[in-house]
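K.L.:
Pasting the sequence and the predicted model now:
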Amino acid sequence: DMKIERSNLSWLTGAFLLLFMAQASFSQSLTSGSANITEQTAYPTFTPNDPIYYFCGNQGDQNGSLTASTASASVTFTWEKWNSVTRSFDFLATENGTSSIRNNLGDGCYRVTFTEGSNNYQFRAWVFNSWIEPVAQIANSDCNTFTLNGTATSAAYTYSDLTSGQPVALNSSLRYFWFEGTSPLGTVPNFNVSPPPSKNSSYKVEVTDRSGCMKSAEVIYQSIVPKAQFSWTANQKTDAQYAYPEAPAEIQFNDESENGDRDKYEWFIYKEKTAIEAESSGGAEVDSIRDVLYDTNPIYIYENSGKYKVKLVVAKESPGFVCRDTFYLADYIVVDTSLVKVAPVFTPNGDGINDQLIVKTRSLKSLDFQVFNRWGNLVHQFRRNDYVPEDAELAAWDGKVRGKLVSAGVYYWVVDAQGRDGERRRKKGFVQVIW
């Protein structure tokens, strides 16, 4: 029985000592509150592995910081740094207390020994000061593309096996992220932009490494390419009843291009659609261009009805390059077909409402308008070749003959017009004059 009791006592004593050592170990620590990221070594021989702390900054900075602390009573902290040449730790400093902080640490492995009475506890950690110096450049710039070139130099991370001294080099694992403004573009060092923008643009590359540290660089692309674009408006009174302008239609082209040289504009005015189709019906090649204009904001008059395409070519000249861009209208410029209409009644009583017999016209080349009384006598006539929309007011009859109002009643009118769409418009009818 006594042997059993002694054996149990020895076992309990050993367990108590192990528990005491474990509790003591847990009450001491070596940490860093300012490290950007932490990972573990993978020593080839030495055990156990140690933590690696990374600190972001600029090249030459020593931002490393380690904190040794204990939850027990005051201890003596002894700081040392690994010497890769002698493969031993060199003394740095000692300090008494419950915590000890070392700042402004350079790269390397640090060891701190906690001395509490006859008990010593040791901790180690590697410190690396991270830095990245990125460069952003423009290369291979032409009319169709350019390349964003990102390069970077960065800190090297190498630790040593504490037994064999064998160096272990860590890959920096540089990663590149390109942005235009806040819009992400790509994640490769060299990114091709195609097509190039027509405006000077700022690009940024962000570079990170295995430590999670990030630095950025920017580059400005000086655009050498234009962007052609335009809109158009008709310089004539609008009528809500009709969707298209009438002929002759004076069209104002409005330049909305970017980065083009003002003396390098070419406006290609195409022939009318059906005319092009007729010319090419036999399969022969045809010249579909009617005119070429060179002003920045030209005016062009379409004399006849039809559908017309327009193309704008804008150029930008730079040393070694002349870049061009082309813009087509999404649809045709449509010039309305011809039309003649005469109202069935009018009241020339001077009240300002329906006082004239208006001839409603669209896209006419000539107009002959005559009004007769019941006895066949001509009471009004308007005749005009090279008719234009403004002539409609002149063609109107005010209900007077030689300055005097005619009698109320029914009158007869005749219209003979030639449309700018090639159609001859002949009409006749009656109109009632009411007082």
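P.N.:
Thanks, I have the structure now.
K.L.:
for F89, what are its contacts?
P.N.:
Listed by Cβ atoms under 8 Å, 6 or more residues apart in numbering, the contact partners of F89 are 80-83, 111. Where C-beta positions appear, they are placed from N, C-alpha and C, glycine not excepted.
K.L.:
my bad, Q222
P.N.:
So Q222 contacts 138, 200 (Cβ under 8 Å, 6+ apart).
K.L.:
Now do the same for stretch 295-310: mean pLDDT, whole number.
P.N.:
Average pLDDT, stretch 295-310: 98.
K.L.:
Mind listing what's buried along it?
P.N.:
296, 298, 300, 302, 304-310 (16 or more other Cβ atoms under 10 Å).
K.L.:
before we move on, what about stretch 217-231?
P.N.:
217, 219, 221, 223-230.
K.L.:
do stretch 123-130 as well
P.N.:
Per 16+ other Cβ under 10 Å, stretch 123-130 contains these buried residues: 123-130.
K.L.:
Narrow these to those in strands?
P.N.:
123-130 (DSSP state E).
K.L.:
Turn those residues into JSON lines, columns for pLDDT and distance to D50.
P.N.:
JSON lines is the format used below for those (pLDDT from 0 to 100; distance: Cβ to Cβ, whole Å):
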{"residue": "F123", "pLDDT": "98", "distance to D50": "8"}
{"residue": "R124", "pLDDT": "98", "distance to D50": "5"}
{"residue": "A125", "pLDDT": "98", "distance to D50": "6"}
{"residue": "W126", "pLDDT": "98", "distance to D50": "6"}
{"residue": "V127", "pLDDT": "98", "distance to D50": "11"}
{"residue": "F128", "pLDDT": "98", "distance to D50": "12"}
{"residue": "N129", "pLDDT": "98", "distance to D50": "17"}
{"residue": "S130", "pLDDT": "98", "distance to D50": "18"}
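K.L.:
show me where the stretch 51-200 of the chain has strands.
P.N.:
51-56, 64-70, 75-83, 88-97, 99-105, 108-116, 119-130, 132-139, 146-154, 157-160, 167-170, 175-180, 183-186, 190-193 (DSSP state E, counting those that start in this stretch).
K.L.:
Give me the sheet partners of the fifth one and which way each runs.
P.N.:
The reference is to strand 99-105. Strands that pair with strand 99-105, judged by DSSP bridges, come out as strand 64-70 (antiparallel).
K.L.:
The strand it pairs with relative to strand 119-130, how many degrees between them?
P.N.:
Strand 64-70 and strand 119-130 are oriented at 160 degrees to each other (axes from the mean of the first three to the mean of the last three Cα atoms, to 10 degrees).
K.L.:
outside of strand 64-70, which residues touch it?
P.N.:
With Cβ under 8 Å, 6+ apart, strand 64-70 has contacts from 27-35, 53, 55, 77, 79, 98-107, 110, 112, 114, 116, 123, 125, 127-129.
K.L.:
Which among those count as buried?
P.N.:
28-30, 32, 35, 53, 55, 77, 79, 100, 102, 105, 107, 110, 112, 114, 116, 123, 125, 127-129.
K.L.:
returning to that earlier point: restricted to strands, list the buried residues of stretch 295-310.
P.N.:
Short answer: the buried residues of stretch 295-310 in strands (DSSP E) are 300, 302, 306-310.
K.L.:
Now do the contacts for N349.
P.N.:
N349 neighbours (Cβ under 8 Å, 6+ apart): 355, 435.
K.L.:
So what sits opposite the closest residue to F89 other than its chain neighbours in the bridge?
P.N.:
Once flanking residues are discounted, F89 sits nearest to E80: 3.7 Å by Cβ to Cβ, 6 or more residues apart in numbering. Beta-bridge partners for E80, by DSSP bridges, are F91, R111.
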